[in-house]
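Chemist: no sequence on this one, just coordinates:
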């Protein structure tokens, strides 16, 4: 863990627990390169303007990211969190000086196991922003896991599907990829796949009643790539489908950007 390039002390990080105001992005680093690194940086810059009314110095962020990765394994998951340690509950409206916290952990080299999803009606606060206010999403994930599922699928008030707690969701019908038409956090992995697939993807509202029409379902996430979804509630699909290998191949062929 490094804050602005050096190990932080307790005073500097306690704001994350006591105020919990900020935003972040997580990325998979392979030999010092990241697929979609420029998208991650654009996300940080966009969200910083949204949350702090400040233009983020992306070159500075990349410098701190490089420092944090110096002793990290070749395959690493890095998270960059932007927050201001000086802001507290009573002074949240002050001018902000966003700091850069970089944390790293070893990334799994294998393909993530298929997951079963429980559907719950919930709309995240500011869906397009990758903010650190994860209580409500994690609370619903916990409920789902206590009921025997792996994660939670969010439904809009009108019953349409939006996203998984910390992943995007995609559907396969007659060989075509479908993204749900909804407001959600547009993930970097989803964005990169969209660029590769281009016109072979459609966007349309998807409800639970539409799931029987789907041949396969998958999740996308920067840390795990493309992960099979084997069930949503009682609707099930095979854990293996040829489209998964195709998508993983497309994703693997996307060149990484040097940090």
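Modeler: Received the coordinates, thanks. Given the structure is predicted, the values throughout are model-derived calculations rather than measurements.
Chemist: which strands and helices lie in contact with the lengthiest helix in the chain?
Modeler: When the chain is parsed with DSSP state H, its longest helix is helix 37-52. Packing partners of helix 37-52 (3 or more Cβ pairs under 8 Å, 6 or more residues apart in numbering; DSSP states H and E): strand 23-30, helix 58-69, strand 75-83, helix 188-197, strand 257-258. For every residue, glycine as well, the C-beta is placed using N, CA and C.
Chemist: now the worst-scoring helix or strand of the chain on mean pLDDT: buried residues?
Modeler: Ranked by mean pLDDT, DSSP states H and E, the weakest helix or strand in the chain is helix 10-18, scoring a mean of 91. For helix 10-18, the neighbour count (16 or more other Cβ atoms under 10 Å) marks 12, 13, 15, 16 as buried.
Chemist: list the buried residues in stretch 70-78.
Modeler: Using 16+ other Cβ under 10 Å as the test for burial, stretch 70-78 gives 72, 76, 77, 78.
Chemist: hmm, back to that, reformat the helices and strands packed on helix 37-52 as CSV; add mean pLDDT and distance to residue 225.
Modeler: Below are these laid out as CSV (pLDDT from 0 to 100; distance: least, Cβ to Cβ, whole Å):
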stretch, mean pLDDT, distance to residue 225
strand 23-30, 97, 8
helix 58-69, 97, 19
strand 75-83, 97, 12
helix 188-197, 94, 6
strand 257-258, 96, 16
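Chemist: per-domain residue ranges of the chain.
Modeler: Domain assignment for the chain by automatic domain parsing gives 2-106, 115-253.
Chemist: which two from the buried residues of stretch 70-78 end up farthest apart in space?
Modeler: Greatest spatial distance among these (Cβ to Cβ): 72 and 77, at 9.4 Å.
Chemist: A helix includes residue 212, no?
Modeler: Yes: according to DSSP: H, G, I helix; E, B strand; the rest coil, residue 212 belongs to a helix.
Chemist: tell me the contacts of it?
Modeler: Residue 212 makes contact with residue 235 under the criterion Cβ atoms under 8 Å, 6 or more residues apart in numbering.
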